[in-house]
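# model this:
(4 chains)
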There are 2 protein chains.
Amino acid sequence: MSVNAVPAKPVRAAQKGQQTKAVIVDAALALAAQIGLEGLSIGAVAELTKMSKSGVFAHFGSREELQISVVREYHARFEQEVFFPALEAPRGLPRLRAMFANWMKRTSAEIDSGCIYISGASEFDDRPGPVRDALVESVSIWQAAVLRAIVQAKSEGHLRADADERQLAFEIHGLILALHYEARFLQVPGSIGRANVGFDNILARSATLDAPPAEAAASAKPAASRRLKPVR
Amino acid sequence: MSVNAVPAKPVRAAQKGQQTKAVIVDAALALAAQIGLEGLSIGAVAELTKMSKSGVFAHFGSREELQISVVREYHARFEQEVFFPALEAPRGLPRLRAMFANWMKRTSAEIDSGCIYISGASEFDDRPGPVRDALVESVSIWQAAVLRAIVQAKSEGHLRADADERQLAFEIHGLILALHYEARFLQVPGSIGRANVGFDNILARSATLDAPPAEAAASAKPAASRRLKPVR
DNA sequence: TGCAAAATAGAACGACCGTTCGTTTTATTC
DNA sequence: GAATAAAACGAACGGTCGTTCTATTTTGCA
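Numbers count the residues shown, from 1 in each chain, chains lettered A, B, ... in the order given. Predicted structure coming up:
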């Protein structure tokens, strides 16, 4: 509490409401990751948070708004876990590697928990509306970041001048999607390794000779496998 | 109508029922491809086929059985369109190429219609039961066929001896998934081309020098782009 | 043609859904 | 601590869902 001037409304900050709203979104996100955004029901969220249906509902005004809040929350966490930490790696290939490594870490965890960007794509791929818009926007922001990292790696001279940036981004995306599909749905063992090998294969084709090698920093492991030759 | 011979029961065939059942499954498949297997409702199918809800229901006994019938029907069509025609290509790389080409053709069409194998994976990846089992079985059969084609291409000497068959299958699967995601959900143009280029990239890394080139037969187009060098 | 069986229709059920409304509880501010 | 606003509750609504049951129509075969 401030002592003087404008007694007690710092930034007109909301109080208890925002706090429980965060709790609700947290529970809703966990639920939506498992059973999908479409399967998300207000009653189930209410049960999880030990609130009444109408109590949950009042915070959003509609189920759709709850879904959008979940997408935004997922977006924020994705940025926090995957994107921002990778920005500490130096521009170019190291940063691209860090982005993929963080992405892989998250996708690996989502083998158990599920991924809203992937399930949401199937659910909303021909269902227009604000939820779909929010999903597309979030995914596009991340894809643009990946593309930017690739462009930078090229202009840093780490990737061949004739490398097609969008092609690389497309193939990398495919690795993540295949990992999620084969590990989570088909439960095929070894999928994480294949996604990592796939990334190395792409780099082996596109990297220049004087590109910085992997595991330069940030990793605790000593240089174990320095592969420049691809695993076919 | 035929004029003579075997009036009206060819092979003790079931009568009108099987016929309308096929109509129902056909409509249900179209609907499920668009909105997903979980979104499939008996009422919607009834409306599509201009039947009553209970009329539709009686053919299956449960919604779950309808879903399973849809999966089986999809499997049959997939075999018919993608797998069987590819068997006419000679063993090894040509057949693998044909399988991918047919798969691409179908996936390209599914940019508009949707794909049950992909949406179903998201819907049933942690929902055990007979529908999930049917999906996993169908997808696994196809993946096994792809893997077999790769193994054969290797033993025919078309692929390098050190090629990892499962790795190739994984990366190819990723291309298909990325195509579906980016074209159908994100509506990014050029995705079909990138999937094809990705396949060429994989082959450029794994194929031997004496591997048969692409477009040997079956294609009407004259040899336009004979790329052995990958598009990076 | 007649008759049994199969196929379809129609109404109704219980369950769950998102949403609304009025009330009660809790938090905030004077 | 009283006044006021925010938050949460509980019951109820209209709607859709899968499913059941019974009645009616259509089909296939003697």
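
# Tell me the pLDDT of the residue of chain A found nearest chain B.
Across chain A, no residue is closer to chain B than A:Gly174, which sits at 3.1 Å (Cβ to the nearest Cβ). In this view, the C-beta of every residue, glycine as well, is placed from N, C-alpha and C. At A:Gly174, the model reports a pLDDT of 98.

# List the buried residues in stretch A:119-134.
With burial defined by 16 or more other Cβ atoms under 10 Å in any protein chain shown, the residues of stretch A:119-134 counted as buried are A:Ser119, A:Gly120, A:Ala121, A:Ser122, A:Glu123, A:Phe124, A:Asp125, A:Val131, A:Arg132, A:Ala134.

# Any residue of that stretch touching chain B?
Yes: counting by Cβ under 8 Å from any Cβ of the partner chain, chain B has neighbours in stretch A:119-134: A:Ser119, A:Ala121, A:Ser122, A:Glu123, A:Phe124, A:Asp125, A:Asp126, A:Arg127.

# Cross those against strands and list the overlap.
Among the residues of stretch A:119-134 next to chain B, no member is found in strands (DSSP state E).

# So for those residues, which is the shakiest by pLDDT?
Lowest-confidence member of the residues of stretch A:119-134 next to chain B: A:Asp126, scoring 92 (pLDDT).

# Over to it: give its phi and psi.
phi -140, psi 40 (degrees, to the nearest 10).

# That one: what's its closest spatial neighbour, skipping adjacent residues?
In space, and not counting its chain neighbours, A:Asp126 is closest to B:Gln34: 6.2 Å by Cβ to Cβ, 6 or more residues apart in numbering or on different chains.

# from the residues of stretch A:119-134 next to chain B, which is closest to A:Ile202?
Using Cβ to Cβ, A:Ala121 comes nearest to A:Ile202 of the residues of stretch A:119-134 next to chain B, at 22.1 Å.

# Can you tell me how far the closest one is from B:Gly129?
Per Cβ to Cβ, to the nearest Å, A:Ala121 is found 23 Å from B:Gly129.

# Single out the residue in chain A that lies closest to DNA strand C.
A:Gln15 (2.8 Å; Cβ to the nearest atom of the strand).

# okay, now the residue in chain A that DNA strand D sits nearest to: neighbour count?
Nearest residue of chain A to DNA strand D (Cβ to the nearest atom of the strand) works out as A:Gly17 at 1.9 Å. Close neighbours of A:Gly17, defined as other Cβ atoms under 10 Å in any protein chain shown, add up to 10.

# Tell me which residues touch the closest residue to it other than its chain neighbours, please.
Nearest residue to A:Gly17, sequence neighbours excluded (Cβ to Cβ, 6+ apart): A:His59, at 7.1 Å. Counting by Cβ atoms under 8 Å, 6 or more residues apart in numbering or on different chains, A:His59 touches A:Gly17, A:Thr20, A:Lys21, A:Ile24, A:Leu66.

# Next: A:Arg63.
Residues touching A:Arg63, when contacts are defined by Cβ under 8 Å, 6+ apart, comprise A:Leu40, A:Ser41, A:Ile42.

# Redo those as TSV? Include distance to A:Arg97, neighbour count and secondary structure.
Shown next, in TSV, are the contacts of A:Arg63 (distance: Cβ to Cβ, whole Å; neighbours: other Cβ atoms under 10 Å in any protein chain shown; DSSP: H, G, I helix; E, B strand; the rest coil):
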residue	distance to A:Arg97	neighbour count	secondary structure
A:Leu40	35	19	coil
A:Ser41	41	15	coil
A:Ile42	42	19	helix
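
# From those, list the ones also adjacent to DNA strand C.
Residues of the contacts of A:Arg63 in contact with DNA strand C (Cβ under 7 Å from any atom of the strand): A:Leu40, A:Ser41, A:Ile42.

# of those, closest to A:His75?
Among those, A:Leu40 lies closest to A:His75 (Cβ to Cβ), at 16.2 Å.

# okay, the residue nearest to that closest one when sequence neighbours are not counted: pLDDT?
Distances taken as Cβ to Cβ, 6+ apart place A:Ala32 nearest to A:Leu40, at 4.8 Å, with adjacent residues excluded. Note for A:Ala32: predicted pLDDT of 97.

# pretty sure A:Ala32 belongs to a helix, no?
Yes: under DSSP: H, G, I helix; E, B strand; the rest coil, A:Ala32 sits within a helix.

# what about the helices in chain A?
A:16-35, A:42-49, A:53-58, A:63-78, A:84-86, A:93-113, A:116-124, A:130-155, A:165-179, A:191-206 (DSSP state H).

# Residues touching the third one, excluding its own?
Right, helix A:53-58. Contact partners of helix A:53-58, identified using Cβ under 8 Å, 6+ apart, comprise A:Ile24, A:Ile42, A:Gly43, A:Val45, A:Ala46, A:Thr49, A:Leu66.

# from those, which two are the most distant?
Farthest pair in the contacts of helix A:53-58 (Cβ to Cβ) is A:Ile24 and A:Gly43. Separation: 12.7 Å.

# In terms of neighbours, single out the busier of these two.
Between A:Ile24 and A:Gly43, A:Ile24 has the larger neighbour count (other Cβ under 10 Å), namely 24 against 11.

# I'd guessed that one sits against A:Ile42; true?
No: at 9.6 Å, A:Ile24 does not count as touching A:Ile42 under the criterion of Cβ atoms under 8 Å.

# and the closest residue to A:Ile192 other than its chain neighbours, how many residues sit next to it?
Closest residue in space to A:Ile192, ignoring its immediate chain neighbours: A:Ser108 at 5.6 Å, by Cβ to Cβ, 6+ apart. Residues lying near A:Ser108 (other Cβ under 10 Å) number 15.
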